[in-house]
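Trainee: sequence plus the predicted model coming up.
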Amino acid sequence: MTSATSLAGLDAFARERIRPRPAPADDAAARREARELLELMGEAGWCRHAAPAAWGGVAATVSLAALCAIREAVAAASPLADAVYALQALGSMPITLSTNEAMQRRWLPEVAAGNAMAAFAMTEPEAGSDVASMTTRATRDGDGWRLDGAKHLISNAGLADFYTVFATVEPGAGAKGIACFVVPADAPGLRFDGAQVLSEPHPLGAISFDGCRVGAEALLGGPGDGFKLGLAALDRLRPTVAAAACGFAARALEEALAHARARHPFGQPLAAQPLVQQKLARMATDREAARPLAGQAAGVADAGAGRLTLEAAQAKLFATEAAQRIVDDAVQIAGGRGVLAESIFDRLYRAVRALRIYEGTSEIQHLVIARELLR
């Protein structure tokens with residue numbers, strides 16, 4: 001078993017245990033594979049980096065540098081494995097950041113062991129980037145709360161063991177009226193409404209709440225703390241999205257180099273073509289430029305900074321946009337083979353596109369960066 005107290009063996013684990021696994025052919029296969037991947041990463045000890053040491057983790061606080069290293073290595077091996085690991089961190093981060101010891105005790109050791117799959121339920125059909133306009137409602141019900149509403153585009157929907165759910169407790173109050181709850185998957189009134197199928201198989205779907213009751217202990221922080229808690233979790237995890245983008249980019253470059261060396265059109269290696277060399281040079285440079293931004297943002301967080309909004313936004317924006325360019329160039333180098341559904345080039349192309357949307361679109365990151373500069 002790989003030591004969970006360091007990152008030694010991470011690259012070998014990703015290459016030897018994850019990369020050889022067959023890509024799922026459809027949503028049903030992706031859901032089965034997601035569970036198996038979580039179990040595999042849990043047994044190897046990598047999920048321990050997603051929780052504090054007090055609850056089965058590795059370090060006193062969750063290290064973003066470690067999460068970035070894991071996501072970069074895992075993303076290069078499998079887009080689905082990266083998604084599974086990402087949600088293990090994101091879905092549990094609001095619990096980690098809160099002071100709710102009951103929920104920490106209940107869920108974080110299971111997260112660290114890879115026994116409980118997490119989900120982060122914020123997005124709604126009419127509330128994506130505009131989080132404050134969400135309509136899922138939480139009302140007091142005796143000594144607990146009642147949830148009513150719907151969420152969509154939720155990773156691990158129908159598969160997760162628990163959801164961190166954001167709901168308004170004071171309609172009309174905007175961001176100040178949002179609360180965050182931990183809702184177990186078997187809570188009465190929580191319903192999985194079906195899969196939302198992506199072009200690259202990934203467990204995604206819609207859930208709804210119809211009189212879903214949770215106890216008072218399910219509330220993280222105060223009734224108006226949800227928006228702040230959610231944004232803090234997203235801020236902290238955005239550098240890891242940048243790291244995953246670097247992993248996709250590294251795999252695309254590796255495969256493009258191998259293809260360019262192996263192909264011999266017109267009697268010479270494809271790699272000898274100046275325009276192909278230009279693409280390879282640009283791909284490698286873009287990837288190397290992106291990696292330090294992810295590392296810098298993670299370092300700011302690990303040094304104890306209360307906010308890393310600017311650094312996180314810059315890292316996510318640059319790395320995801322660069323990865324899109326790199327993967328696109330790799331597809332172009334591969335030619336017709338690059339657009340075959342079973343090729344790694346096409347899989348990366350379908351997977352990388354979502355990085356520019358989830359956890360804050362590139363357009364939102366531009367606005368965030370400008371706002372922070374103008375403060």
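Mentor: Cool, got the structure. Numbering: from 1, shown residues only.

Trainee: where along the stretch 51-200 of the chain do the strands fall?
Mentor: 118-121, 137-141, 144-155, 162-168, 178-184, 190-195 (DSSP state E, counting those that start in this stretch).

Trainee: tabulate these (JSON lines), appending mean neighbour count and distance to residue 279.
Mentor: Glycine gets a C-beta too; all of them are placed from N, C-alpha and C. Converted to JSON lines, those look like this (neighbours: other CB atoms under 10 Å; distance: least, CB to CB, whole Å):
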{"stretch": "strand 118-121", "mean neighbour count": "28", "distance to residue 279": "36"}
{"stretch": "strand 137-141", "mean neighbour count": "16", "distance to residue 279": "51"}
{"stretch": "strand 144-155", "mean neighbour count": "21", "distance to residue 279": "32"}
{"stretch": "strand 162-168", "mean neighbour count": "27", "distance to residue 279": "41"}
{"stretch": "strand 178-184", "mean neighbour count": "25", "distance to residue 279": "44"}
{"stretch": "strand 190-195", "mean neighbour count": "16", "distance to residue 279": "36"}
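
Trainee: out of those, flag the one nearest residue 203.
Mentor: Shortest distance between residue 203 and the strands of the stretch 51-200 of the chain, using CB to CB, is found for strand 144-155: 6.5 Å.

Trainee: same list (the strands of the stretch 51-200 of the chain) but as a markdown table, adding distance to residue 45 and mean pLDDT.
Mentor: Shown next, in a markdown table, are the strands of the stretch 51-200 of the chain (distance: least, CB to CB, whole Å; pLDDT from 0 to 100):
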| stretch | distance to residue 45 | mean pLDDT |
| --- | --- | --- |
| strand 118-121 | 17 | 97 |
| strand 137-141 | 36 | 95 |
| strand 144-155 | 23 | 96 |
| strand 162-168 | 21 | 97 |
| strand 178-184 | 24 | 97 |
| strand 190-195 | 30 | 96 |
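
Trainee: residue 244 is nearest to which of these?
Mentor: Using CB to CB, the strands of the stretch 51-200 of the chain put strand 144-155 closest to residue 244, at 13.1 Å.

Trainee: how distant is the closest one from the center of its chain?
Mentor: Here strand 144-155 shows a centroid-to-chain-centroid distance of 20 Å under the convention CA atoms, centre = their mean, to the nearest Å.

Trainee: one more: stretch 335-349?
Mentor: The answer for stretch 335-349 is 23 Å, by CA atoms, centre = their mean.

Trainee: start to end distance for it?
Mentor: Start-to-end span of stretch 335-349 (CA to CA, to the nearest Å) is 13 Å.

Trainee: mind listing what's buried along it?
Mentor: Residues 338, 343-349 are the ones in stretch 335-349 that count as buried (16 or more other CB atoms under 10 Å).

Trainee: likewise stretch 123-138?
Mentor: For stretch 123-138, the neighbour count (16+ other CB under 10 Å) marks 123-124, 127-128, 131, 134, 136-138 as buried.

Trainee: rewinding a little: now the strands of the stretch 51-200 of the chain as CSV including distance to residue 224?
Mentor: Supplementary listing: the strands of the stretch 51-200 of the chain in CSV, determined by distance: least, CB to CB, whole Å:
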stretch, distance to residue 224
strand 118-121, 18
strand 137-141, 11
strand 144-155, 14
strand 162-168, 10
strand 178-184, 7
strand 190-195, 23
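
Trainee: fine by me, we can end here.
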